[in-house]
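> After the sequence you'll find the predicted model.
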Amino acid sequence: MPAVLWGLIVGLLLINGITIVLLIAQYSLNVRQRAELARQRAEVEALQAQRETLLQHAAEGTMSPLRVIPPTAPGAFAGVKERDLSGRYRWIDGLNERGTIVLNPDHTFAIEDGSVNPAYRWKLTPDQLILEFNRITAFYTNIESPGIYLGARSDRRSQRLEKVE
């Protein structure tokens, strides 16, 4: 009988040890989740304060022009090769056709007349095609079909490029 008692005691000690380990692991997880929740609450408060400031500026008429980077479709341009981008494109700004943009292999581009402004640069990432003008940046984040790219400028105006050649 004492062996059975000792076996029962050892079994209970093992179960208690496992329970303590599980409780410590759960406590650690709870601490991490509380920290993440506090970080998210602080972020929400900061965004609400930013929203209130923007609403106040809008009501006062003192709002500066907003520069926005539109959301990207992850990997939308992953299959596009840089060598395939060079060429002439119809450039549509909003509903207005603005003329022609020529993307050069050296990552510069020209508008209409063919003269290259060194400030005009283009860049390809797996998520988007970016055209940097002097004051505005155009982010093409969607591919409608090969050679037709859709996006928006940093001042929220829609953009479209259609490859001509």
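Done, it's in. Bear in mind that the values here come from a model prediction, so they are computed numbers and not experimental data.
> quick check: domain ranges of the chain?
Listed domain ranges for the chain are 1-64, 82-163 (source: automatic domain parsing).
> Following element in sequence after the top helix by length along the chain, please.
The single longest helix within the chain, with elements called by DSSP state H, is helix 2-60. The first helix or strand that comes after helix 2-60 along the chain, using DSSP states H and E, is helix 82-85.
> Can you list the buried residues in that following helix?
For helix 82-85, burial by neighbour count (16 or more other Cβ atoms under 10 Å) applies to residue 85. Bear in mind the C-beta positions are built from the backbone N, C-alpha and C, glycine included.
> and the helix or strand following that helix, what does it pack onto?
Following helix 82-85 in sequence order, the next helix or strand is strand 87-93 (DSSP H and E). Using 3 or more Cβ pairs under 8 Å, 6 or more residues apart in numbering; DSSP states H and E as the contact definition, the elements that strand 87-93 packs against are strand 96-103, strand 158-163.
> relative to strand 158-163, how tilted is strand 87-93?
Our comparison of strand 87-93 with strand 158-163, counting by axes from the mean of the first three to the mean of the last three Cα atoms, to 10 degrees, yields an angle of 160 degrees.
> May I have strand 87-93 as PDB, with CA atoms only?
These are the backbone C-alpha positions of strand 87-93, laid out as PDB (Å, rounded to 0.1, in the frame of the first residue of the first chain):
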ATOM      1  CA  GLY A  87       8.400  52.700 -74.500                       C
ATOM      2  CA  ARG A  88       5.700  55.200 -75.300                       C
ATOM      3  CA  TYR A  89       2.500  55.400 -73.300                       C
ATOM      4  CA  ARG A  90      -0.800  57.400 -73.500                       C
ATOM      5  CA  TRP A  91      -1.000  59.300 -70.300                       C
ATOM      6  CA  ILE A  92      -4.500  59.800 -68.900                       C
ATOM      7  CA  ASP A  93      -4.900  62.100 -65.800                       C
END
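> Out of the domains of the chain, which one sits most buried?
When neighbours are counted by mean count of other Cβ atoms under 10 Å, the highest per-stretch mean among the domains of the chain falls to domain 82-163, a mean of 15.
> Sketch out the low-pLDDT regions of the protein for me.
Screening the chain residue by residue with the criterion pLDDT under 70, one finds the ranges 58, 61-72, 113-114.
> picking up where we left off before, the domains of the chain into CSV, with extra columns for distance to residue 73?
Output for the domains of the chain, formatted as CSV (distance: least, Cβ to Cβ, whole Å):
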stretch, distance to residue 73
domain 1-64, 24
domain 82-163, 6
